[in-house]
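Trainee: please find the sequence and the predicted model below.
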Amino acid sequence: MIQSSEEGRVPEPVKPDRFIDSVNCAIAGIIHAARTEKHMRNHFISAGVVLLVALFLRVNPLEFALLALSILFVLFAELINTAVEAVVDLVSPGYNHLAKIAKDTAAGAVLVAACGAAIMGYLILAKYILPLYGEVLAMFGAPSDIGTMVSILIVTIVVIMLKGLLGKGSPLHGGAPSGHAAIAFSIATAASLNSRDPLTSLLSVALALMVSHSRLFMRIHTMGEVVAGSCLGAGLTLIVLYVFKFLGS
Ligand SMILES: Nc1ncnc2c1ncn2[C@@H]1O[C@H](COP(=O)(O)OP(=O)(O)OP(=O)(O)O)[C@@H](O)[C@H]1O
């Protein structure tokens, strides 16, 4: 614990006497990490969402305990990472190869913990979520081959028209909305409805997300343009497939 002695003087560290003071220091550390580290805030938000979903799906106590342990392990690793970063910044404010190794390794620990939590989350929640998702996909019924091709073509045409109207970027580069995101999500939606298999659908959506992320990562599009493209691609494909189904029946 650090306490200011007199105004203008360097604060002196004070060893907490009482247990409650030690707990306060520990909580101050957690709050500091949450305030200063974006990843820590993301971990807290993800943890909250996963625990709420687990409660909603009524997972059994053992599964809940395993999920909670995985989440705590990620938060633990991020706190250690924050502490390592602070110590490295203290002893080596300038560039130092060992400082880089220390920070990269601590960040690697967080990545390993997060991958473990993701695998655990999938193994526990998939058996509850995939059947529900399969039922939602089945509600739409099987689209026709021609409907699938036409929907992807319409998404492409609408994207090019919008880019022309908004006057930014070229058909394959930049502007609003993101054409890659729109077409990737159009294909993912069509593949999901054609297969009606939850895992195939999730993998297609994962691919579409990777395509969209690459447009952001390469700074070709803004987040808004990518989100607009994704929503346009998925939404328009659903509408066109629904119209084809309605006309065919
Ligand atoms: N003093 C240093 N010397 C050499 N490389 C450094 C130094 N400080 C940071 N780096 C490099 O920059 C990266 C980011 O460091 P930074 O302190 O900005 O952490 P951060 O962005 O908060 O990381 P994290 O995403 O893990 O929380 C480190 O992983 C390391 O590769």
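Mentor: Good, I have the coordinates.
Trainee: so F185 is in contact with G229, correct?
Mentor: Yes. Shown here, F185 and G229 form a contact pair, counting by Cβ atoms under 8 Å, at 7.3 Å. Using the backbone N, CA and C atoms, a C-beta is placed for each residue, glycine as well.
Trainee: can you pull the residues that touch both of these two?
Mentor: S212 (Cβ atoms under 8 Å, 6 or more residues apart in numbering).
Trainee: so how far is stretch 90-109 from its chain's centroid?
Mentor: Remark: stretch 90-109 is offset 26 Å from the chain centroid, using Cα atoms, centre = their mean, to the nearest Å.
Trainee: please disregard the earlier target; I meant stretch 203-218.
Mentor: Offset of stretch 203-218 from its chain centre (Cα atoms, centre = their mean): 12 Å.
Trainee: equivalent analysis for stretch 229-236, please.
Mentor: Distance, centroid of stretch 229-236 to centroid of chain: 19 Å (Cα atoms, centre = their mean).
Trainee: quick check: buried residues in that stretch?
Mentor: For stretch 229-236, burial by neighbour count (16 or more other Cβ atoms under 10 Å) applies to G229, S230, L232, G233, A234, L236.
Trainee: could you do stretch 123-142 as well?
Mentor: Neighbour-count burial for stretch 123-142 [16+ other Cβ under 10 Å]: I124, L125, Y128, L130, Y133, L137.
Trainee: other SSEs contacting the helix or strand hosting the third one?
Mentor: Translated: Y128. Following DSSP states H and E, one finds Y128 within helix 97-140. Applying 3 or more Cβ pairs under 8 Å, 6 or more residues apart in numbering; DSSP states H and E, one finds that helix 97-140 contacts helix 38-56, helix 61-91, helix 179-195, helix 198-217, helix 223-248.
Trainee: buried residues in the longest one?
Mentor: Residues 63, 66-67, 70-71, 73-75, 77-79, 81-82, 84-85, 88 are the ones in helix 61-91 that count as buried (16+ other Cβ under 10 Å).
Trainee: want to throw the helices and strands packed on helix 97-140 into JSON lines with distance to K103 and mean pLDDT?
Mentor: Compiled in JSON lines, the helices and strands packed on helix 97-140 are given as follows (distance: least, Cβ to Cβ, whole Å; pLDDT from 0 to 100):
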{"stretch": "helix 38-56", "distance to K103": "13", "mean pLDDT": "95"}
{"stretch": "helix 61-91", "distance to K103": "6", "mean pLDDT": "97"}
{"stretch": "helix 179-195", "distance to K103": "33", "mean pLDDT": "95"}
{"stretch": "helix 198-217", "distance to K103": "22", "mean pLDDT": "95"}
{"stretch": "helix 223-248", "distance to K103": "27", "mean pLDDT": "91"}
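Trainee: make JSON lines from the ones you listed and add distance to T105 to it.
Mentor: As requested, those are exported to JSON lines (distance: least, Cβ to Cβ, whole Å):
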{"stretch": "helix 38-56", "distance to T105": "16"}
{"stretch": "helix 61-91", "distance to T105": "8"}
{"stretch": "helix 179-195", "distance to T105": "35"}
{"stretch": "helix 198-217", "distance to T105": "24"}
{"stretch": "helix 223-248", "distance to T105": "31"}
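Trainee: ok, L137 - contacts?
Mentor: Per Cβ under 8 Å, 6+ apart, neighbours of L137: S192, L193, R196, D197, P198, S201.
Trainee: name the nearest residue to the third one, ignoring sequence neighbours.
Mentor: The shortest distance from R196 to any non-neighbouring residue, by Cβ to Cβ, 6 or more residues apart in numbering, is to L137 (4.7 Å).
Trainee: need the pLDDT of the one you found.
Mentor: pLDDT recorded at L137 is 88.
Trainee: quick check: L98 touching T105?
Mentor: No. Between L98 and T105 there is no contact under Cβ under 8 Å: 10.5 Å.
Trainee: domain assignment for this structure?
Mentor: According to automatic domain parsing, the chain comprises the domains 37-136, 141-248.
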